[in-house]
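In: Pasting the sequence and the predicted model now:
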Amino acid sequence: GKHLHVARKVPIGLINTNWGGTRIQDWCPVSALADCAKVATSTRPTASAPPAEPLVSTHLYNAMVAPLTNMTIKGVVWYQGESNGGEPLSYRCLLPAMVRRWREAWAAGSHTRPTFPFGVVQLAGDVSADTLALPKFRFVGQTQGTGSLPNTNMPNTFLAPTYDLGDSTSPYGSVHCRYKDEVGQRLALGARKVA
């Protein structure tokens, strides 16, 4: 927000709606999940292996996103993925579906442009010990196999690359880097290009 304010010389308001350790399914409206119903979105527990947590999708969308769709906004930043790291194929469908459905909801409920910019923060990596799961997730899931944003599946989007910001000494794990100002600078640069 500060970087955009300085660059554009206009007031910038930020709405922070987050919940750590959540999956993309939690932030999707039912319609986005239906768009991807043919893609396995998660491994469901069997009767012999009960779930460790409730299998409730959409609850965070319903509680923390849908109530905001009557407000006019200029764009969104999405910083999530670790909890879906082992599911790049389902994420490849869910992320564009969520973006499309969020845009529809905001356009219907406010004066928000139906193609508002949508930024995605790439998951940071532990450059010394990254496993195959997260690089595959970054490429297949976060950029739909193109390696970049925007792409044909996600127009008017931008990617804030953070792979080089992996923080292996972070008390929160390497994907939760402490270099948030750098992440913010990269988001601002991407937003300035598409907004």
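Out: Nice, I can see it.
In: Could you use CA atoms for every contact and neighbour count after this?
Out: OK.
In: so how far is the longest helix along the chain off the chain centroid?
Out: Longest helix in the chain, counting residues (DSSP state H): helix 88-109. From the chain centre to the centre of helix 88-109 is a distance of 10 Å (Cα atoms, centre = their mean, to the nearest Å).
In: Show me what that helix is packed up against.
Out: Packed against helix 88-109 by the contact rule (3 or more Cα pairs under 8 Å, 6 or more residues apart in numbering; DSSP states H and E) you find helix 24-27, helix 30-35.
In: Buried deepest among those helices, which one?
Out: Highest mean neighbour count among the helices and strands packed on helix 88-109 (mean count of other Cα atoms under 10 Å): helix 24-27, with a mean of 22.
In: quick one: average confidence on that helix?
Out: Helix 24-27 carries an average pLDDT of 95.
In: Need the contact partners of it.
Out: 33, 56-62, 65, 80-81, 84, 91, 94-95, 98 (Cα atoms under 8 Å, 6 or more residues apart in numbering).
In: buried sites along the lowest-mean-pLDDT helix or strand in the chain?
Out: Scoring the helices and strands of the chain by mean pLDDT, DSSP states H and E places helix 133-136 at the bottom, with a mean of 74. Going by neighbour count (16 or more other Cα atoms under 10 Å), the buried part of helix 133-136 is 134-136.
In: For residue 124, which residues are in contact?
Out: 161-167, 174-177.
In: Tabulate those (CSV), appending distance to residue 6 and neighbour count.
Out: As requested, the contacts of residue 124 are exported to CSV (distance: Cα to Cα, whole Å; neighbours: other Cα atoms under 10 Å):
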residue, distance to residue 6, neighbour count
161, 22, 18
162, 22, 19
163, 26, 18
164, 25, 11
165, 24, 21
166, 27, 22
167, 28, 21
174, 30, 20
175, 28, 22
176, 26, 19
177, 25, 22
